[in-house]
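Asker: How does the following fold in three dimensions:
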Amino acid sequence: MDPSEAFVTTVIPTFEEAEFIDRCLTSLMEQTWPSDRHSILVVDGGSKDATRTIVERLAKESADSGGVEISLIDNPERYVPQARNLAMKQLPEQTTHVFEMIGHVWLPRDHIEKRMQGLEEIVSDSPGKVAGVGTLVCESDEKLPMVGRWVEATLQNPMGAGRGQFCQFSGRERTMISPFTIYRKEALESIEGYDERFITTQDSELNMRLIDSGWELWRSDDSSCRMAKRRDLLGWIRFGHRYGFWRTKHLRMRPSRASPLEFLPWIGLLLTLGLLFIDVQAIPENSWMVPVVLYISVLLIHGLIECVSRRQPSLLFGVPLMLFLLHTSFSIGLLDGMVRKGRAPRDRVN
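Answerer: Numbers count the residues shown, from 1 in each chain. So this is what the prediction gives:
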């Protein structure tokens, strides 16, 4: 496709995003990508805070200055997959690409321009069908409380990010996880949009279907974004549980997508219990402590690494604590996903 013919529609599901939506939309309004080839659909799930007022104010400001068109759409069913499917039905006719965003993410000014250029280069170089390209999620530049700093450091750490959306990488590469993807509209239409049974992490399920249908997904560091994350221990525990819970739902549909790394905490626990309770003469006494000591040592090493590299002494114990809580809540979520249908998270809709 001739890049001059590309038209990007950014879709932002919102619910109670008053704290961040101004910065999110402002970063989109200031993009170097031509405003006459960009539109923004904010799909709100019934916010009772100032979210809608802020969106309406910025939409007027953008219109008055001849900037990008911002539309506010009601989402009666509230949740993200319904919001994204609703937006698909209301895309401007000229839309060629759909940018999947959320209300607590903000971007550098040349973000869309760089990513569209990178996407076109990947499409030109790849022999396969490229559905879309994700981006790099960097740590927030907000002024954060101590727990917020622990969260940021943990999600930048390999033991916290894993292979998920916070994974740090360089260059361009094929992937199954492409954060904040710019999709080709034809790819989304070919699989009929988002599965509304997935109240959250619906983008992961959609990507699985794209790959199963013969499409390729990529991620690149041509640009990056910053995202507001949890700032308290309870929110962090809910975050881990939610991802574990919905990961089980995905794996029940696509067992081949499972990774042994996801089950290491359960494997370690079963090994420890086995060494503790199985009476085998060949096994030395107190050998059950070996996996426990190894796990604690690894957590402390990563805490030390983050403490020294970031020059933040509290990370020495903060990162090990957050890693332990993440691994525990994610693992419990994996089991919970086997027995419960699932409900929306309490703290946000995405």
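Asker: What ranges does this structure have for its helices?
Answerer: Per DSSP state H, the chain carries helices over the ranges 21-29, 51-64, 80-89, 111-125, 146-156, 158-161, 185-190, 202-212, 233-253, 264-277, 289-310, 315-339.
Asker: contacting residues around the third one?
Answerer: Around helix 80-89, the neighbours that count as contacts under C-beta atoms under 8 Å, 6 or more residues apart in numbering are 9, 11, 13, 41, 43, 45, 73, 75, 98, 100, 188-189, 193-200, 202, 349-350. For glycine as for every other residue, the C-beta is placed from the backbone atoms N, C-alpha and C.
Asker: redo that, cut-off 6 Å
Answerer: Residues outside helix 80-89 that contact it (C-beta atoms under 6 Å, 6 or more residues apart in numbering) are 11, 13, 41, 43, 75, 193, 194, 196, 198, 202, 349, 350.
Asker: circling back to that earlier point, indicate which one of the helices of the chain is closest to residue 218.
Answerer: helix 111-125 (5.4 Å; C-beta to C-beta).
Asker: got the angle between the closest one and helix 21-29?
Answerer: Angle, helix 111-125 to helix 21-29, by axes from the mean of the first three to the mean of the last three C-alpha atoms, to 10 degrees: 50 degrees.
Asker: returning to what we had before: closest to residue 155 out of the contacts of helix 80-89?
Answerer: For these, the nearest to residue 155 is residue 350 (16.4 Å; C-beta to C-beta).
Asker: Quick check on the contacts of helix 80-89: which are buried?
Answerer: Buried subset of those (neighbour count, 16 or more other C-beta atoms under 10 Å): 11, 13, 41, 43, 75, 193, 194, 198, 202, 349, 350.
Asker: Which members of those define the maximum pairwise distance?
Answerer: Most distant of these, by C-beta to C-beta, are 41 and 198, 20.3 Å apart.
Asker: follow-up on the earlier one: tell me the one of the contacts of helix 80-89 nearest residue 147?
Answerer: residue 350 (21.0 Å).
Asker: Mind telling me which residue is nearest the centre of the chain?
Answerer: For the chain, the residue nearest the mean C-alpha position is residue 165 (4.6 Å; C-alpha atoms, centre = their mean).
Asker: Now tell me which helix or strand of this structure has the poorest mean pLDDT.
Answerer: Lowest on mean pLDDT, DSSP states H and E among the helices and strands of the chain sits helix 264-277, with a mean of 83.
Asker: related to what we said a few turns ago, contacts only, for the nearest residue to the residue nearest to the centre of the chain once chain neighbours are set aside.
Answerer: Leaving out its chain neighbours, the residue that sits closest to residue 165 by C-beta to C-beta, 6 or more residues apart in numbering is residue 179, at 3.9 Å. Shown in contact with residue 179 (C-beta under 6 Å, 6+ apart): 134, 135, 137, 165.
Asker: For residue 90, see how far away residue 179 is.
Answerer: As judged by C-beta to C-beta, to the nearest Å, residue 179 and residue 90 stand 24 Å apart.
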